Structures are given as C-alpha cells and as structure tokens.
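A.B. asks: This is a predicted model, with the sequence first.
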Amino acid sequence: MGKYHRPCSLKEALDVLATLHVTVAAGCTDLFPATEKQRVQGNVLDITAIEELRGIVETEVGWRIGASTTWTDLLETNLPCGFNMLKEAAREVGSIQIQNVGTVVGNLCNASPAADGIPPLLALNAEIELASSGGNRSLPLAEFLKGVRETDLSHDEMVIAIHVPKKSGDGVSSFLKLGARKHLVISIVMTAVRVVVREGIIREAAIAIGSCSPVAQRLTAVETKILGIPIDEAPNTLNSDDILVSISPISDIRGSADYRLNAALELLRRALRDIAENVR
Ligand SMILES: Cc1cc2nc3c(=O)[nH]c(=O)nc-3n(C[C@H](O)[C@H](O)[C@H](O)COP(=O)(O)OP(=O)(O)OC[C@H]3O[C@@H](n4cnc5c(N)ncnc54)[C@H](O)[C@@H]3O)c2cc1C
C-alpha cells in the first residue's frame, strides 16, 4: 500500500515530491472517478492543508490563484468583470458539492478536453507556476497543456499557482456551455469571450473554445476579425469559416464535427450579444 502525505507547508510538499513518486491530490473529484477503486492508488501527496496555496490575491501585476483554491473560493472572491466568464464556468462545474472541494488548478492538471476552466483561463492569458525542490518556472497555459490528459508537469513538480495579468481583468466577459442537459453535464462545446468595448467599438478581444479539440484553443482569427467593429454588429459578422481557421472540431459520441461547428458559432454569437446588452 502507498503512503499518504498531508504536509502543511509547500516546502514539505516539495521535499516529498523530490524523494517519492506521488500522485498530487487536491479535491479528488477527478482522481476518484478515474481510479475506480476505494482509494487513490500508490503514494498520495494531499495538498489541501497547505494554507499558503489557498485563495486568490491581487498583486501589483495581476492575480494569483493558489493551487488549492476551490471553485467556491473563486466564486466568493471579488474580481473584475474580465473574470466573469471564469465565474460563470465555476457555477457550471458539477454541483455545489463538487465546487466546494474541486480546485481550479485540479481542473487544469487533469487536462480533460472538456474541462470548463480552460477556455476562460486561456482568454485571461493565464500563466501556470510550477515548483519543484530545484526551483520554480512559469509558462503560458497553452504551453502547459500538451494533449488529452497530458501536461508539461514533470514527476517531481507540482502546480503552485495560476497567474492572471492585470490587463486581463479589463473588459466584459461571458462563458457559455452546451451539454446534453442544463446541469451536471459534460460540455459538448463551450466558449469563453472577453472583449474591451469603448464607445460601442471592440478594442480588444480574447476568445477561446473548448470540447471541440484535444486541447481548448484561442480563436485568434475571430479575435482579429471583430477588432474595431461595433459590438452590436460583431455577432452577425462571424461565420463558420472564421472558426475553421483555428480549429477543426472533433466528432465523438457527444456530437459530430458539423454539430460542434454550428453550436460553437451559435454560442459565440450569443456570447457577443450578451456582452452587447451588458455594455449598453
Ligand atoms: C460529479 C462530477 C461532476 C463534474 N462536473 C464537471 C464539470 O461540469 N466541468 C468540469 O470541468 N469538470 C467537472 N468535474 C471534474 C472535476 O470536478 C474538476 O475538474 C475539478 O476542478 C478537479 O479539481 P480537484 O481539486 O478535484 O482535482 P483532483 O481530482 O484532486 O486532481 C485532478 C488531477 O490534477 C492533478 N493535480 C491536482 N492539483 C495539482 C497540483 N497542484 N499540481 C499538480 N497536479 C495536480 C491530480 O494529480 C490529478 O491528476 C466533475 C467531477 C465530478 C465527480
């Protein structure tokens, strides 16, 4: 049987990581279903007692979301409107019980194509901070995610925080998720849209789409196309070719590529319409 570690400091956690092959455990809401056993197998490093990893702090350069920050913690934190899409995603992660223990970082590290936290954090230009006993390194979320359930983490590293730059707090944002039903459902398509609008014109845009490819993607062609145009007109300027420039949606048991493409276009248009209403 493996060993169970529940350190109270990051230093102790990194010492464990340096000496043992362990599974990092946070809320365990992904780990338990994946294990299909009574307990998580092998050595476990439970990070939930490390106080310094919990919560969101505003710094001079942005916001730091600690690795054991739960979805509920996020929802209870006062954050600017650029984060609204991440909060909307938080409300859709499973149920309140799941949000109370599941962490934002756990959602990223599990690297599911359908992870609801990934598109909003891509559109917030998030960076991921990794630590090992040898030191820390940071990389953009898009580089941290390597493929389906694959990340850039080494066996002796853990994620300690997500960093969102100050400028990403700007603008108005919206997250929309399509599933086979309204609640407690895995996404077929989700979109995260953040735009900065001044005098009715789109001045900045950050848009990401999830559940349509092995790793969620930014839609840079769409972002470029809507820059400089009135927010009211933006929804109608988009067509499916704008999405296909960045992504070829997948087909699977939950939906065909064509269905996903149509749904993605409709969600993007709805998100932009919602935002247009908000900035009026
Ligand atoms: C009933 C149910 C409904 C769900 N609904 C949704 C949903 O609607 N949308 C959605 O996106 N997800 C959903 N999930 C999945 C899950 O709740 C989320 O992905 C959650 O955010 C995972 O966080 P966690 O803290 O529980 O991660 P854990 O299960 O503890 O860990 C997940 C993975 O990340 C690794 N990990 C965790 N923290 C770190 C770290 N700091 N450093 C390195 N590795 C780390 C773990 O080793 C593991 O591989 C659902 C799960 C359940 C059981």
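C.D. replies: Now that the structure is in, tell me what you want to look at. Numbers count the residues shown, from 1 in each chain.
A.B. asks: Following the chain onward from whichever strand or helix holds Ala192, which element is next?
C.D. replies: Taking DSSP states H and E as the criterion, Ala192 maps to strand 189-198. Where DSSP H and E defines the elements, the next helix or strand beyond strand 189-198 is strand 201-210.
A.B. asks: Would you agree Leu108 is in contact with Leu153?
C.D. replies: No: the pair Leu108 / Leu153 is not scored as a contact, 10.2 Å apart, by Cβ atoms under 8 Å. Any C-beta I mention is one placed from the backbone N, CA and C, and that applies to glycine too.
A.B. asks: Between the two ends of stretch 5-22, how far is it?
C.D. replies: 9 Å (Cα to Cα, to the nearest Å).
A.B. asks: contacting residues around that stretch?
C.D. replies: 3, 24, 42-53, 131-134, 155-158, 160 (Cβ atoms under 8 Å, 6 or more residues apart in numbering).
A.B. asks: Near the ligand, list only the ones from the residues you listed.
C.D. replies: Val24, Ile47, Met158 (Cβ under 6 Å from any ligand atom).
A.B. asks: show me the contacts for the first one.
C.D. replies: Neighbour list for Val24: Leu17, Leu45, Ile47, Cys109, Met158 [criterion: Cβ under 8 Å, 6+ apart].
A.B. asks: Also the last one?
C.D. replies: For Met158, the contacting residues are Ala13, Leu14, Leu17, Val24, Leu45, Ile47, Ala67, Leu130, Ala131, Ser132, taking Cβ under 8 Å, 6+ apart as the criterion.
A.B. asks: Give me the three-state assignment for whatever residue of the stretch 51-200 of the chain ends up closest to the ligand.
C.D. replies: In the stretch 51-200 of the chain, the residue that lies nearest the ligand is Gly106 (2.3 Å; Cβ to the nearest ligand atom). Look at Gly106: counting by DSSP: H, G, I helix; E, B strand; the rest coil, its state is helix.
A.B. asks: returning to that earlier point: what about the contacts of Met158, which are in helices?
C.D. replies: Ala13, Leu14, Leu17 (DSSP state H).
A.B. asks: Out of those, give me the one that has the most neighbours.
C.D. replies: Ala13 (26 neighbours; other Cβ atoms under 10 Å).
A.B. asks: what's in contact with the lowest-mean-pLDDT helix or strand in the chain?
C.D. replies: Using mean pLDDT, DSSP states H and E, helix 31-35 stands out as the lowest-scoring helix or strand of the chain, at a mean of 92. Helix 31-35 has contacts (Cβ under 8 Å, 6+ apart) with Thr23, Ala25, Val40, Gln41.
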